[in-house]
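Participant: Return a 3D structure for these sequence lines:
(chains A, B, C and D)
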There are 2 protein chains.
Amino acid sequence: MKIGQVAKTAGVGIDAVRFYEREGLLAKPARRPSGYREYSPDVVVHLRFIRRAKELGFSLKEIRELIALETDPEATAGDVKQLAENRLADIEERIRALQRMRRALRKVTEECPGDGPTSRCSILRTLSKEGRS
Amino acid sequence: MKIGQVAKTAGVGIDAVRFYEREGLLAKPARRPSGYREYSPDVVVHLRFIRRAKELGFSLKEIRELIALETDPEATAGDVKQLAENRLADIEERIRALQRMRRALRKVTEECPGDGPTSRCSILRTLSKEGRS
DNA sequence: CTTGACTCTAGCCTATAGTCTAGAGTCTAT
DNA sequence: ATAGACTCTAGACTATAGGCTAGAGTCAAG
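Facilitator: This next block holds a predicted model:
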């Protein structure tokens, strides 16, 4: 298969495929005499793996680690689980940070009258106010 | 005040102060004959405003808009509220996206035994599996 | 007057995950 | 054989929010 076809079938961009190759997430494929990359259909599965891992919040760096674990006979399921748990902890932290923002933002928007001069708006007043932090 | 002192007092980096000036979030200050920036202590308040707005999830671009609204006599509290509500909607969307990731990630980590070869790990199996999306 | 701390500008570098471009060569169907 | 679609490389560019560096000049204290 040529690169355009694997990319389309896997649902990623052509540039992404070449990018993953450069970044070591994808093995270098065979080349035709012309220089064109020649892929086995298995690569589509591999690309989908990458796409799904991204959807779970893994960075490309971590995905590279997942791939390394997958092919390392010494690695255990615990190693993989550890990576996933790190991701989980990070996602939970990000959720908490966003929830804090949401709470603060809700508070100020509720207090803003929604009309009149900007000086009446609690949002700007809150931001200008002296205080801790 | 010199730049180092305002930066320290406001709790931001010196480079950030110069960066905000370049980006139009901070008025260009007076200069000493030597070329040194000479700040009024008010700038510290302004820098804290920026910092707090960042903590609420506003981007510098939006903060620039907030500042413009603050000084525009035509602007209303409603304009400011609108910006805050946009921010809120975006934050809520990001929370939902992270919660979806969390759910999926919890599911696979719970199913992973935590020991044995990686082939026993549901995480890798899930990622490799064919399926929708 | 010297020393150490501070400041100036311009411009390059960081991380992330690719996207886009130019210019050249290739593939395939008709 | 030729048109149109595809692919190759290298390198520049996107967005965000600054950080870092060099080399030159300045400030304040002893």
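Participant: C-alpha only now, for contacts and for neighbours.
Facilitator: Fine.
Participant: Now do the same contact list for residue A:23.
Facilitator: Residue A:23 makes contact with no residue, according to Cα atoms under 8 Å, 6 or more residues apart in numbering or on different chains.
Participant: With residue B:72 as the reference, measure out to it.
Facilitator: Distance of residue A:23 to residue B:72, given as Cα to Cα, to the nearest Å: 49 Å.
Participant: Just the helices from chain A, written as ranges.
Facilitator: Here chain A has its helices, by DSSP state H, at A:3-10, A:14-22, A:42-55, A:60-71, A:77-111, A:122-128.
Participant: In CSV: the ones you listed, plus distance to residue A:28.
Facilitator: Shown next, in CSV, are these (distance: least, Cα to Cα, whole Å):
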stretch, distance to residue A:28
helix A:3-10, 12
helix A:14-22, 6
helix A:42-55, 11
helix A:60-71, 14
helix A:77-111, 24
helix A:122-128, 53
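Participant: Can you pull the poorly scored residue ranges out of chain A?
Facilitator: Confidence mapping of chain A against pLDDT under 70 gives the ranges A:130-133.
Participant: switch the cut-off to 80
Facilitator: Applying pLDDT under 80 to chain A flags the ranges A:129-133.
Participant: Which residues of it lie near DNA strand D?
Facilitator: A:2-5, A:14, A:35-37 (Cα under 7 Å from any atom of the strand).
Participant: For the buried ones among the residues you listed, write the corresponding ChimeraX selection.
Facilitator: In ChimeraX, a selection of the buried entries from those looks like this (16 or more other Cα atoms under 10 Å in any protein chain shown):
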select /A:3,37
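Participant: Pick out whichever of the residues of chain A next to DNA strand D sits closest to residue B:123.
Facilitator: residue A:14 (26.4 Å; Cα to Cα).
Participant: That closest one contacts residue A:21, doesn't it?
Facilitator: No. Contact status for residue A:14 versus residue A:21: not in contact, 11.1 Å apart, counting by Cα atoms under 8 Å.
Participant: where's the residue lying farthest from the centre of chain A relative to chain B, distance?
Facilitator: The centre of chain A is farthest from one residue, residue A:116, which by Cα atoms, centre = their mean lies 41.9 Å away. Note on residue A:116: its distance to chain B, by Cα to the nearest Cα, to the nearest Å, is 5 Å.
Participant: ok, that residue - contacts?
Facilitator: By Cα under 8 Å, 6+ apart, the residues touching residue A:116 are B:76-78.
Participant: got the contact list for residue A:122?
Facilitator: Contacts of residue A:122 by Cα under 8 Å, 6+ apart are A:108-109, A:111-112.
Participant: Please pick the buried ones from these.
Facilitator: Neighbour counting with 16+ other Cα under 10 Å marks A:108-109, A:112 as buried within these.
Participant: export those to a markdown table and tack on distance to DNA strand C?
Facilitator: Formatted as a markdown table, these follow (distance: Cα to the nearest atom of the strand, whole Å):
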| residue | distance to DNA strand C |
| --- | --- |
| A:108 | 30 |
| A:109 | 30 |
| A:112 | 34 |
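Participant: Return the closest of these with respect to residue A:121.
Facilitator: residue A:112 (4.8 Å).
Participant: which phi and psi does residue A:29 have?
Facilitator: Here is the backbone geometry of residue A:29 (degrees, to the nearest 10): phi -80, psi 170.
Participant: Just confirm it contacts residue A:37, I think it does.
Facilitator: Yes. Using Cα under 8 Å, residue A:29 is in contact with residue A:37, at 6.0 Å.
Participant: Would you mind measuring from the nearest residue to residue A:39 once chain neighbours are set aside to chain B?
Facilitator: Nearest in space to residue A:39, with sequence neighbours left out and distances taken as Cα to Cα, 6 or more residues apart in numbering or on different chains, is residue A:1 at 4.9 Å. According to Cα to the nearest Cα, residue A:1 and chain B sit 19 Å apart.
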